[in-house]
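Peer 1: Sharing a model prediction with you, sequence too.
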Protein chains: 2
Amino acid sequence: MATDRPTVIASPANPLVKQALAVREGRRPEAGTAFIEGARLIDTALQAGVVVERLFTLDGSHPALAQAVLAAGGTVSVVTPAVLRRLTQTVTPQGTVAIVRRPAPEWPSSASLAVVLAGVADPGNAGTIIRAADAVGADLVVCAAGTVSPYNAKAVRASMGSLFHVPVVTADASEVLRRLRNLGLRLVLADAAGDTGYLQCDFRVPVAIVLGGEAAGAGQVWRQAADATVRIPIFGRAESLNVALAAAVLLYEARRQRLEL
Amino acid sequence: MATDRPTVIASPANPLVKQALAVREGRRPEAGTAFIEGARLIDTALQAGVVVERLFTLDGSHPALAQAVLAAGGTVSVVTPAVLRRLTQTVTPQGTVAIVRRPAPEWPSSASLAVVLAGVADPGNAGTIIRAADAVGADLVVCAAGTVSPYNAKAVRASMGSLFHVPVVTADASEVLRRLRNLGLRLVLADAAGDTGYLQCDFRVPVAIVLGGEAAGAGQVWRQAADATVRIPIFGRAESLNVALAAAVLLYEARRQRLEL
């Protein structure tokens, strides 16, 4: 609980700071926690019911957020500006970071639009795709084996809070395929050499859009399981589209087709 | 010219290395040069007619590329692995970097599809948008004042070579507006609170799609000059779409409408 004169953490070697950095750098994957940065993102997480274990903030800054964290049972650690700089990664930090418990969403019992990350390695791409899935109102994002953790600190930032809006589940390919089949979703694999132009693909049925890795695309297991492979035509001299951009084009095409039913 | 026993640069303090790092870090904007990384990107630049001033490579690696650089009048500097590591920024470097002369494309005399970056600050977003503009076969990309340099090393990487495929011009807003008017382009501003849903916007006429900054959107000058402001609907709880994703959705919608003419 807050006291009138909080202890201020002044050393980057403080165990709580070192622990937070370990979470940030992904060195404590077993801990089930995630590092998030910025008052806005932390507030989004709180509002989504995420457990904020510890907020690191300057003395007197973000009083409302600190109060909300305390009210939800979390701890507030006051740090010096130097310690906060050590904790933050962004160029224009918002002056607070937090360690939160990772949500562990269940697989939904029904879904009409899902996104599967099948080997997306870049955290910026993964987070941006989660944000796009949220924007189109997708029911589910699946991170299959080989994809970066959605709780990678950079992925969390790129998701701009959408990680806490949409159910994001992680599983290996065989479980993912079984679950998607049980949900009755058609698997549409995005592929630069796909059989069908994306405008000719029927996205009005319940569908899971599968996105492969940036370098090699989706692996063999996904190619074999796909009900359709779709390509986004390239008109110029680019070899391909960034995977997050491909996701956005396909997701909005799905929405466009559904609005025109 | 190549000699049988090239001098190997072994010190990161070598003036050529320091000069290359200054270009990479944007500390020599007056020099008209750019830093690019990776054999594939350098090869793309060479094939697009870009002048490669100097290639830094390990002894014996990338012989065909080194030969092509020499044949085009450039210089090849052989460096030690330690010096190359100092020069490279990527996690999985392709073992070579180059200093190239920036292309200085003219404004085209006609255009039917252009993209204007009006304050896009993030180099990853800027480069990815240039790649998307190339993918849809846009005629022109304009970087208006307030936008990151397209020759920022990270922007160059994100463009995946498209910076050398599409004319990318930089100018201040008043010149940009005058040029776009002279080209007869309709200015369509992407805005989360735009007047028209993007599917209702007519992209079949010659059009310039204007994309504002990540944080504050496009400035007043662009809002006043725009012939239309379009929004991409948000169905979920995301506050907005990443600017590069918005660009891709609008550019592919323009292509979709034109194919259906």
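Peer 2: Arrived safely, thanks for sending.
Peer 1: Around chain B, pick out the residues from the stretch 101-250 of chain A.
Peer 2: With the criterion set to CB under 8 Å from any CB of the partner chain, the stretch 101-250 of chain A comes near chain B through A:124, A:128, A:131-138, A:158, A:160-162, A:165-166, A:199, A:232-242, A:244-249. All C-beta spots, glycine's among them, are computed from the backbone N, C-alpha and C.
Peer 1: Quick one, which of those residues are buried?
Peer 2: Neighbour-count burial within those applies to A:124, A:128, A:131-138, A:158, A:160-162, A:165-166, A:199, A:232, A:235-238, A:240-242, A:244-249; the criterion is 16 or more other CB atoms under 10 Å in any protein chain shown.
Peer 1: ok, how many other residues are close to the closest residue to residue A:79 other than its chain neighbours?
Peer 2: Residue nearest to residue A:79 in three dimensions, not counting chain neighbours: residue A:9, with 4.6 Å by CB to CB, 6 or more residues apart in numbering or on different chains. Using other CB atoms under 10 Å in any protein chain shown, residue A:9 is surrounded by 19 other residues.
Peer 1: check contacts around residue A:9.
Peer 2: Applying CB atoms under 8 Å, 6 or more residues apart in numbering or on different chains to residue A:9 gives the contacts A:16, A:17, A:56, A:77, A:78, A:79, A:80, A:83.
Peer 1: how about a cut-off of 10 Å?
Peer 2: Applying CB atoms under 10 Å, 6 or more residues apart in numbering or on different chains to residue A:9 gives the contacts A:15, A:16, A:17, A:56, A:77, A:78, A:79, A:80, A:83, A:84, A:87.
Peer 1: what pLDDT does the second one get?
Peer 2: Turning to residue A:16, the model gives it a pLDDT of 95.
Peer 1: Name the residues that touch the helix or strand containing it?
Peer 2: Residue A:16 is part of helix A:15-24 when elements are defined by DSSP states H and E. Contacts made with helix A:15-24 from outside it, assessed by CB under 10 Å, 6+ apart, are listed as A:9-12, A:14, A:27-29, A:31-37, A:53-54, A:56, A:75, A:77, A:79, A:83-84, A:86-89, A:97-100, A:151-154, A:156.
Peer 1: Mind checking which of these are in helices?
Peer 2: Mapping those onto helices (DSSP state H) picks out A:83, A:84, A:86, A:87, A:153, A:154, A:156.
Peer 1: buried subset of those?
Peer 2: Buried members of the ones in helices among the contacts of helix A:15-24, counted by 16+ other CB under 10 Å: A:83, A:84, A:87, A:153, A:154, A:156.
Peer 1: Lowest-confidence entry in these?
Peer 2: Lowest model confidence among these falls on residue A:153, which carries 88.
Peer 1: what number of residues lie near residue A:71?
Peer 2: Residue A:71 has 9 neighbouring residues, counting by other CB under 10 Å.
Peer 1: For residue B:253, see how far away it is.
Peer 2: To residue B:253, residue A:71 is 45 Å away according to CB to CB, to the nearest Å.
Peer 1: cool, and residue A:129?
Peer 2: Per CB to CB, residue A:129 is found 19 Å from residue B:253.
Peer 1: I'd say residue A:215 and residue A:119 touch.
Peer 2: Yes: the pair residue A:215 / residue A:119 is scored as a contact, 8.8 Å apart, by CB atoms under 10 Å.
Peer 1: Looking only at neighbour counts, state which of those two leads.
Peer 2: Each of residue A:215 and residue A:119 had its neighbours counted (other CB under 10 Å), and the higher figure belongs to residue A:119 (24 against 9).
Peer 1: can you give me the strands for chain A?
Peer 2: A:8-9, A:33-37, A:52-57, A:75-79, A:96-101, A:113-118, A:140-144, A:168-171, A:186-190, A:196-197, A:207-212, A:228-231 (DSSP state E).
Peer 1: Can you say which of these is nearest to residue B:180?
Peer 2: Taking CB to CB as the measure, these were each checked against residue B:180, and strand A:196-197 came out nearest at 30.8 Å.
Peer 1: Run through the neighbouring helices and strands of the closest one.
Peer 2: For strand A:196-197, the contact count by 3 or more CB pairs under 10 Å, 6 or more residues apart in numbering or on different chains; DSSP states H and E identifies strand A:228-231 as packing neighbours.
Peer 1: these two touch, right, residue A:56 and residue A:81?
Peer 2: No: look at residue A:56 against residue A:81 with CB under 10 Å: they stay out of range, at 11.6 Å.
Peer 1: Name the residue in those two with the higher neighbour count.
Peer 2: When residue A:56 and residue A:81 are compared on other CB under 10 Å, the one with more neighbours turns out to be residue A:56, at 24 against 11.
Peer 1: Show the contacting residues for the more buried one.
Peer 2: Residues near residue A:56 by CB under 10 Å, 6+ apart: A:9, A:16-17, A:20, A:35, A:37, A:75-79, A:83-84, A:87-88, A:95-99.
Peer 1: Looks like residue A:173 contacts residue A:187 (just checking).
Peer 2: No: the pair formed by residue A:173 and residue A:187 falls short of the contact definition of CB under 10 Å, at 11.5 Å.
Peer 1: rewinding a little: now, of the contacts of residue A:56, which are buried?
Peer 2: When neighbours are counted using 16+ other CB under 10 Å, those contain these buried positions: A:9, A:17, A:20, A:35, A:37, A:76-79, A:83-84, A:87-88, A:95-99.
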